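Engineer: my questions concern the predicted model and sequence given below.
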2 protein chains.
Amino acid sequence: MTTTTRTTGLRPEDIVEVAHRLISEHGLAEFSMRKLAAELDVNPMTIYLRFDNKEALLDAVARHGLARVRLPPLPVGAPWPDRAVALCEALRRHLVADRNLLPLYASDGRMSNAVVQSVEQGLALMEEIGYRGDGAVLAFRSIFWHTVGFALVDQSVERFPANGPGGLGDLVEIDESTHPNFHRHLSSFTTVDGDHLFSHTTRLLVAGLYGDAARSMEPT
Amino acid sequence: MTTTTRTTGLRPEDIVEVAHRLISEHGLAEFSMRKLAAELDVNPMTIYLRFDNKEALLDAVARHGLARVRLPPLPVGAPWPDRAVALCEALRRHLVADRNLLPLYASDGRMSNAVVQSVEQGLALMEEIGYRGDGAVLAFRSIFWHTVGFALVDQSVERFPANGPGGLGDLVEIDESTHPNFHRHLSSFTTVDGDHLFSHTTRLLVAGLYGDAARSMEPT
DNA sequence: ACCTGAACACCGTTCAAGT
DNA sequence: ACCTGAACACCGTTCAAGT
């Protein structure tokens, strides 16, 4: 009869799952190997028997989180631009779903798994309006990285100073003489709504893609 | 006659400048208050007499770095889309000029100062094609945050796996039956060229902006 | 063979003690 | 008044010692 100690039953998946939860709850900056061990009620060094180091563990946590991404089916029958925007918005929703996980996914090129979920639908969309081969991949990459970029920008946008007390005007000198345009539009510099700005910008980019495809199919 | 000790002569600007250099040379992750003190040949605690904490110092370093951004004049006489793209590319060049500084600028909403340099030219461009008031600000924000987003994405893009040994195919299962589009385009998934992808995508977005402005000026 | 306590080389920051 | 050494509460990681 063999006795199993507590740590023998500790599977790598359990470590990854608890790490994922801790990062989700308290953020990547707060996360440490020692806190993870405490949460698992285990000696800190036991984790090093399963993972080479913190980096390797974080890689596993990122893979675990990104593998869960499932994009919803796109609206059938809708006009092409609407479906392209819907794909971007679905991808965005997954990326910004948990603000604490995004910094983990974004660093050190861990975005790989997210792409696979969207690439099938994305390439099909591009072929639908006439993009072929390398052109289809380039078109898809445009909206994919645009979406990832806006997700990364979200935290900056959130804290971006608006017009008003303690806002833009206090940060920088906005003189009517040196910055006439800025000065005249100052009242329009309200707090940025990340979702709205993303939707708007994505619609413009998709319109550009759509027009470009139509133009390249014209007889020369 | 007053004697000045070494540290008395230590101005906050000197601290900021050396911190900027250290981050530029070795990256934000490597930077520490103790290493900075050693480089300044000063007791680590002396820095705390000038700055409340590390966060406040990094804020000052970011402001110092972003204040240097000077956008070149846009090409006069060129078509509108070319000038809009040129503005984005100039902004991008400054953001990605020093890869080690970008993580500093991007975190904790420190992007404020960069905007002021580009907002004057950006708003003028938007008014030129008919955008007014809030619409002009929204249009400017679209290309500004698009540019910042792509700069942030750059490090991810750089390490993004291409097709080939150790690349995409090894990371995820790309079956002909489950991912027919992906499988057929696999050879097009070469290493991403960040600059090229940015130029291409920005051109599309700018085309979208241009078309949108033209459309909204049509008589209804 | 499998686990772990102590130790090492680092952090940011506080504060009492020095000049 | 101005500076600093020692100390505190943390890190990630190594490795000799235990069972």
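Structural biologist: Happy to help now that I have it.
Engineer: please count neighbours and contacts with C-alpha atoms only from this point.
Structural biologist: OK.
Engineer: can you pull the buried residues of the helix or strand bottoming out on mean pLDDT in chain A?
Structural biologist: Every helix and strand in chain A was compared by mean pLDDT, DSSP states H and E; the lowest is helix A:168-171, with a mean of 73. When neighbours are counted by 16 or more other CA atoms under 10 Å in any protein chain shown, the buried residues of helix A:168-171 are found to be A:168, A:169.
Engineer: ditto for stretch A:93-110
Structural biologist: So stretch A:93-110, judged by 16+ other CA under 10 Å, has buried residues A:93-96, A:99-110.
Engineer: check the model's average confidence along whichever helix in chain A runs longest for me.
Structural biologist: Longest helix in chain A by number of residues (criterion: DSSP state H): helix A:133-158. For helix A:133-158, the mean pLDDT works out to 91.
Engineer: what about the helices in chain A?
Structural biologist: A:12-26, A:33-40, A:54-66, A:80-96, A:102-106, A:112-128, A:133-158, A:168-171, A:180-185, A:194-217.
Engineer: check these for me: which has the lowest mean pLDDT.
Structural biologist: Across those, the lowest-scoring stretch is helix A:168-171, with a mean of 73.
Engineer: return the list of helices and strands in contact with that helix.
Structural biologist: Contacts defined by 3 or more CA pairs under 8 Å, 6 or more residues apart in numbering or on different chains; DSSP states H and E place helix A:168-171 against helix B:112-128.
Engineer: give me the contacts around the helix it packs on.
Structural biologist: Helix B:112-128 has contacts (CA atoms under 8 Å, 6 or more residues apart in numbering or on different chains) with A:160-161, A:168, A:171-172, A:179-182, B:63, B:66-67, B:69-71, B:80, B:84, B:87, B:91, B:132, B:136-137, B:139-140, B:144.
Engineer: may I have that helix exported as PDB, CA atoms only?
Structural biologist: The C-alpha coordinates for helix B:112-128 follow below in PDB (Å, rounded to 0.1, in the frame of the first residue of the first chain):
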ATOM      1  CA  SER B 112      -0.700  62.000 -23.100                       C
ATOM      2  CA  ASN B 113       2.200  64.100 -24.300                       C
ATOM      3  CA  ALA B 114       2.600  62.200 -27.600                       C
ATOM      4  CA  VAL B 115      -0.900  63.200 -28.600                       C
ATOM      5  CA  VAL B 116      -0.200  67.000 -28.400                       C
ATOM      6  CA  GLN B 117       2.400  66.900 -31.100                       C
ATOM      7  CA  SER B 118       0.200  65.100 -33.600                       C
ATOM      8  CA  VAL B 119      -3.300  66.500 -32.700                       C
ATOM      9  CA  GLU B 120      -2.700  69.900 -34.300                       C
ATOM     10  CA  GLN B 121      -1.800  68.400 -37.700                       C
ATOM     11  CA  GLY B 122      -4.300  65.600 -37.300                       C
ATOM     12  CA  LEU B 123      -7.300  67.900 -36.600                       C
ATOM     13  CA  ALA B 124      -6.300  70.100 -39.500                       C
ATOM     14  CA  LEU B 125      -6.300  67.100 -41.800                       C
ATOM     15  CA  MET B 126      -9.700  66.000 -40.700                       C
ATOM     16  CA  GLU B 127     -11.200  69.400 -41.200                       C
ATOM     17  CA  GLU B 128      -9.700  69.600 -44.600                       C
END
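Engineer: next up, the contacts around the spatially most central residue of chain A.
Structural biologist: Nearest to the mean C-alpha position of chain A, counting by CA atoms, centre = their mean, stands residue A:95 at 3.6 Å. Applying CA under 8 Å, 6+ apart, we find residue A:95 in contact with A:102, A:148, A:151.
Engineer: for residue A:44, same thing?
Structural biologist: Applying CA under 8 Å, 6+ apart, the residues near residue A:44 are A:33, A:34, A:36, A:37, A:38.
Engineer: ok, the third one - how many residues close by?
Structural biologist: One way to gauge burial is a neighbour count; for residue A:36, by other CA atoms under 10 Å in any protein chain shown, it gives 22.
Engineer: who's in contact with it?
Structural biologist: Per CA under 8 Å, 6+ apart, neighbours of residue A:36: A:15, A:18, A:19, A:22, A:44.
Engineer: give me the residue from chain A nearest DNA strand D.
Structural biologist: residue A:32 (3.1 Å; CA to the nearest atom of the strand).
Engineer: close to DNA strand D: what parts of chain A are there?
Structural biologist: A:31, A:32, A:33, A:34, A:35, A:44, A:45, A:48, A:52, A:53, A:54, A:55 (CA under 7 Å from any atom of the strand).
Engineer: could you pick out the buried ones from those?
Structural biologist: Of the residues of chain A next to DNA strand D, these count as buried by 16+ other CA under 10 Å: A:31, A:33.
Engineer: circling back: can you redo the contacts of residue A:95 as CSV with distance to residue A:126?
Structural biologist: Shown next, in CSV, are the contacts of residue A:95 (distance: CA to CA, whole Å):
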residue, distance to residue A:126
A:102, 27
A:148, 18
A:151, 22
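Engineer: same for chain B: which of those residues are within range?
Structural biologist: A:148, A:151 (CA under 8 Å from any CA of the partner chain).
Engineer: quick one: which of the contacts of residue A:95 is nearest residue A:215?
Structural biologist: Checking the contacts of residue A:95 against residue A:215 by CA to CA gives residue A:148 as the nearest, at 27.1 Å.
Engineer: domain map for chain A?
Structural biologist: Following automatic domain parsing, one gets these domains for chain A: A:12-68, A:80-158+A:193-217.
Engineer: residue B:76 is nearest to which of these?
Structural biologist: domain A:80-158+A:193-217 (23.9 Å).
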